[in-house]
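>>> what's the 3D shape of this:
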Amino acid sequence: MPSHPPAARQPAECRDMTEVRAEIDRIDTALVDGIAERFGYVERAWQLKLEAHQEANVPWRNQQVIDKVRGRATQTGVPPDLIEALWRQMIGWFIQYEEEKLRPRLESQSR
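From the prediction side, this is the model:
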């Protein structure tokens, strides 16, 4: 069972760099945990794409994801360009990962 991080301080409540760094570390842990959860769905996605003989890259879906995260960024006051750059990098990595998983299996199925 995962341990729960201590309660978060608001940025203005941090009295020194030690507290700021502790909060950044807490957030980094949560981000990695979220990406790990997303990775689990990517694992399942390539398996389903293999069964359906689909490509890893689905451009309309990629754009849909980008549009959603840009909207969320705007709502939360985060620069949308930052979020788009991060997500495009992540999506690109996941597409490459799926392609590496799909390629040998699709090639063997077509023989």
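>>> walking through this structure, point out its helices one by one.
Assigned by DSSP state H, the chain shows helices spanning 17-52, 59-76, 80-109.
>>> of those, which approaches Arg9 most closely?
helix 17-52 (5.8 Å; CB to CB). Every C-beta, even on glycine, is put in place using the N, C-alpha and C of the backbone.
>>> what about the closest residue to Glu98 other than its chain neighbours, how many residues close to it?
Once flanking residues are discounted, Glu98 sits nearest to Ala56: 3.6 Å by CB to CB, 6 or more residues apart in numbering. Neighbours of Ala56 under the rule other CB atoms under 10 Å: 20.
>>> low-confidence regions, the chain specifically.
1-6, 106, 109-111 (pLDDT under 70).
>>> nearest residue to the middle of it?
Ile35 (4.6 Å; CA atoms, centre = their mean).
>>> distance of that one from Arg88?
For Ile35, the distance to Arg88 equals 15 Å [CB to CB, to the nearest Å].
>>> how about Glu19?
32 Å.
>>> again with Arg38
15 Å.
>>> and what of Val58?
14 Å.
>>> can you check Gly40 too?
For Gly40, the distance to Arg88 - CB to CB - is 21 Å.
>>> which one's more surrounded, the two?
Arg88 (14 against 10).
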